[in-house]
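Colleague: Prediction below, plus the sequence it came from.
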Amino acid sequence: METFKNLLIIVLLFSGLPSKAQTTQETATKIVEAKNYVFAANSASPLNVADINKVMSRMPGYTGGGNINLTGSNYTFTVTPDSVVAYLPYYGRSYTPKIGDPNDSGIKFKSKDFTYKNTQNKKGGWLILINPKDVKDNYNLTLSITKTGRATLSVTSNSQQPISYEGNITEPELKKK
């Protein structure tokens, strides 16, 4: 009887926690083939971890390491058949400073002229290469997606050190009219 009570308490505790469902394989296949998905970043991994650790160690709550937790943020990379939109933070060394608006930092752009190459791998995932042609910086984006929707986005540029992001892909939310 005591075991049953303990089990019931555990079930009730965990039933109240929010759960984030993984993208199913069918959904992942559908949205990748339709070129209509949103990559939501959960963490960022800058290339130059030593320099980042020097700066971030002064921030409250930073515990060190190479990954920067982005969970709960709204940092996304959106792909539609006619555009790609990036709204991602940047941690690392920039070779060319961005002059103008100080809020215009990070990897932020909207492109309607881009190349998109999709290759399916042997394990059922995808490797997607995206090169926007109508943005100020020359970005090369590589998105590696598993069949369950887990993804890694690697960004290289002529003006910044490379950075990669871990996250998930999902279907875009429909806009209410």
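Modeller: Thanks, I have the structure now.

Colleague: From here on, just use CA atoms for contacts and neighbour counts.
Modeller: OK.

Colleague: can you list the weak-confidence ranges in this protein?
Modeller: Low-confidence regions of the chain, defined by pLDDT under 70, span residues 1-23, 48-53, 56, 61-66, 98, 100-104, 174-177.

Colleague: The one residue sitting closest to the centre of it: what's it in contact with?
Modeller: Of all residues in the chain, the one closest to the mean position by Cα atoms, centre = their mean is A41, 2.8 Å from it. A41 is in contact with 70-71, 73-76, 88, 165-168, counting by Cα atoms under 8 Å, 6 or more residues apart in numbering.

Colleague: do the same with Q160
Modeller: With contacts defined as Cα under 8 Å, 6+ apart, the neighbours of Q160 are 92-96.

Colleague: before we move on, the earlier item: beta partners for the residue nearest to the centre of the chain?
Modeller: Note on A41: beta-bridge partners G167, judged by DSSP bridges.

Colleague: ok, now how distant is it from R58?
Modeller: 24 Å (Cα to Cα, to the nearest Å).

Colleague: And the strands in this structure?
Modeller: Listed in chain order, the strands of the chain (DSSP state E) span residues 37-46, 68-69, 76-80, 83-88, 107-111, 114-120, 126-132, 139-145, 150-157, 163-170.

Colleague: do you know which of the ones you listed lies nearest A28?
Modeller: Put simply, out of those the one that sits nearest A28 is strand 163-170, at 7.5 Å, with distance taken as Cα to Cα.

Colleague: Alpha carbons of the closest one, as PDB, please.
Modeller: Presented in PDB, the C-alpha positions along strand 163-170 are these (Å, rounded to 0.1, in the frame of the first residue of the first chain):
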ATOM      1  CA  ILE A 163      29.200  29.300 -34.400                       C
ATOM      2  CA  SER A 164      26.800  26.400 -34.100                       C
ATOM      3  CA  TYR A 165      23.400  26.000 -32.500                       C
ATOM      4  CA  GLU A 166      21.600  23.000 -31.200                       C
ATOM      5  CA  GLY A 167      17.800  22.800 -31.200                       C
ATOM      6  CA  ASN A 168      14.700  21.300 -32.800                       C
ATOM      7  CA  ILE A 169      12.700  21.900 -36.000                       C
ATOM      8  CA  THR A 170       8.900  22.300 -35.900                       C
END
